[in-house]
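>>> give me a model of this one.
(one chain, ligands or ions: 1)
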Amino acid sequence: MSSFTELETPVPVVDLDRLARNLDRAAAYATEHHLSLRPHVKTHKSPRIASAQLRRGAVGLTCATPFEAEVMSAVCDDILVAYPPVGAVRARRLAALPETLKLTVALDAPEAVEHIATAARDADRPVSVYVELDLGMHRVGTQRVDEAIALAQRIRECPPLEFEGIAFYPGHIRSGVDQQAAQLEALSSALRSALDAFERADLRPAVVSGGSTPTLWHTHELYGVTELRPGTYVYNDRTTAAIGACGWDDCALTVLATVVSTAVPNQAVIDAGTKSLGREPMRGTDTGDGFGCLLEHPDVIVRSMSEEHGMLDLSSTAWQPHVGDVVRVVPNHVCIVVHLNDLVVGLRGDAVETTWPIAARGRR
Ligand SMILES: Cc1ncc(COP(=O)(O)O)c(C=O)c1O
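Numbering: from 1, shown residues only. So this is what the prediction gives:
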């Protein structure tokens, strides 16, 4: 087996032992707290990792796009599309998924109900529906509980749709894990009042679906939650480590890059720029600058980028790289890095063990 240092760069490499540990930890957490794990595939976009999640007890998968759902239908027969099924083409594609697959969608508007109901009727298949509530992220989701209840009632009047539950995404909670308590409490009490109102309307949701990587390990503290949908946890990234939702040793995916120039003082240039790393800032509060940092030297950040150049800031390190050295960059936001690449190389220690395609990348 060859060493990773012989790979052509830039290329994303995955530490297989770290990946397995991340998968195991979340599966054990879900089991311990009697929560259904429905991981979001947007992070890995790979049937191979989806299968590993299902083998460890995931009840199904979460997808964002019809293409993700189509690709994952080869390995999974229970898929939630946590994205509004709006537009005839999108709705038809979803309804055309294998009829043996249990399809669930999340939505927040009567128009979306009509679109997916029409497609479901045309395809003659049941579709389960979660009503999405905005519990603080302010992206999608009904703003008031009575609106959510009216939507659930509307869904009930639209066979073959079936009202199954409510969904929310706590993407607004991105501070350090030990500073999240007040936001988690507010979220929990919003959930309690929403669920009480559903109960009073005789519409008790069978599923309450939430969860994210920054809040992963506190999901069981949220009132009524039955299902969690973390995505980033498989690989983790610089942001996840900075907020304490994982350790530095849990960052499983890095971008392998070669130092191509040290001509400018206090700087080394690597062959990974925006087309490898994306231009993703750190998310969360006081988490750091730059567009990534080195696995072995976290104090060395990618200060700026062109498309094929990443400028490493050497001003606060004693490390002196040479042209031709290879380095591993921990990206700020790993999901974007995966999306920018066609394949991933799996490493066992320093040895190249395997590769796999990022089969559901792109928006086809
Ligand atoms: C609707 C929804 N659910 C779950 C997730 C997973 O979140 P994370 O990557 O923080 O685990 C996302 C991420 O964007 C999302 O949009």
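
>>> can you pull out the helices in the stretch 201-350 of the chain?
238-242, 274-277, 334-339 (DSSP state H, counting those that start in this stretch).

>>> what is the mean pLDDT for the longest one?
Think helix 334-339. On average, the pLDDT along helix 334-339 is 97.

>>> elements contacting that helix?
strand 253-261 (3 or more C-beta pairs under 8 Å, 6 or more residues apart in numbering; DSSP states H and E). Yep, even glycine has a C-beta here, placed from its N, CA and C like the rest.

>>> the strand it packs on close to the ligand?
No - no part of strand 253-261 sits close enough to the ligand to count as contact by C-beta under 6 Å from any ligand atom; the gap is at least 13.1 Å.

>>> same check, this time on stretch 227-235
Yes - part of stretch 227-235 sits close enough to the ligand to count as contact by C-beta under 6 Å from any ligand atom, namely 229-233.

>>> got the end-to-end distance for that stretch?
Between the start and the finish of stretch 227-235 there is a gap of 20 Å, counting by C-alpha to C-alpha, to the nearest Å.

>>> what distance do you get for the closest residue in space to Thr232 that isn't next to it in sequence to the ligand?
Excluding the flanking residues, the one nearest Thr232 by C-beta to C-beta, 6 or more residues apart in numbering is Thr213, at 3.9 Å. Counting by C-beta to the nearest ligand atom, to the nearest Å, the separation of Thr213 from the ligand is 3 Å.

>>> do I have it right that Thr213 meets Pro230?
Yes - assessed by C-beta atoms under 8 Å, Thr213 is found in contact with Pro230 at 4.8 Å.

>>> so where is the stretch 51-200 of the chain shaky, pLDDT-wise?
Judged against pLDDT under 70, the stretch 51-200 of the chain has no low-scoring part.

>>> okay, helices next: where are they in it?
Per DSSP H, counting those that start in this stretch, the stretch 51-200 of the chain has helices spanning 66-72, 88-95, 110-123, 145-156, 181-200. These are given in chain order.

>>> out of these, which gets nearest to Pro357?
If you check each of those against Pro357 by C-beta to C-beta, helix 66-72 wins as the nearest, at 10.0 Å.

>>> name the residues that touch the closest one?
Judged by C-beta atoms under 8 Å, 6 or more residues apart in numbering, the contacts made with helix 66-72 from elsewhere in the structure are 41-42, 45, 47, 50, 61, 63, 79, 81, 90, 93-94, 97, 103, 359-360, 362-364.

>>> please indicate which of these are buried?
For these, burial is judged from neighbour counts taken by 16 or more other C-beta atoms under 10 Å, and it is met by 41-42, 45, 47, 50, 61, 63, 79, 81, 90, 93-94, 97, 103, 359-360.

>>> closest to Cys335 out of those residues?
Distance to Cys335, by C-beta to C-beta, is smallest for Lys42 among these, at 5.7 Å.

>>> the closest one against Ala64, yeah?
Yes - under the criterion of C-beta under 8 Å, Lys42 makes contact with Ala64 at 5.2 Å.

>>> hmm, back to that, could you dump the helices of the stretch 51-200 of the chain to TSV with distance to Val329?
Rendered in TSV, the data for these read as follows (distance: least, C-beta to C-beta, whole Å):
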stretch	distance to Val329
helix 66-72	25
helix 88-95	35
helix 110-123	39
helix 145-156	42
helix 181-200	30
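
>>> quick one: which of those helices is nearest Val269?
Of all the helices of the stretch 51-200 of the chain, helix 66-72 sits nearest to Val269, with 34.6 Å by C-beta to C-beta.

>>> give me the neighbour count for the closest residue to Phe4 other than its chain neighbours.
The shortest distance from Phe4 to any residue that is not its chain neighbour, by C-beta to C-beta, 6+ apart, is 5.3 Å, and that residue is Leu347. Counted by other C-beta atoms under 10 Å, the residues lying close to Leu347 total 24.

>>> and the gap between Leu347 and Leu256?
Distance of Leu347 to Leu256, given as C-beta to C-beta, to the nearest Å: 9 Å.

>>> residues shared between the contacts of these two?
A shared contact of Leu347 and Leu256, defined by C-beta under 8 Å, 6+ apart, is any residue touching both; here these are 4, 13.

>>> sec struct for Ala50, please.
helix (DSSP: H, G, I helix; E, B strand; the rest coil).

>>> isn't it up against His40?
No - applying C-beta under 8 Å, one finds Ala50 not in contact with His40, separated by 10.4 Å.

>>> spit out the residues that contact the two alike.
Any residue near both Ala50 and His40 by C-beta under 8 Å, 6+ apart counts here, and that gives Leu61.
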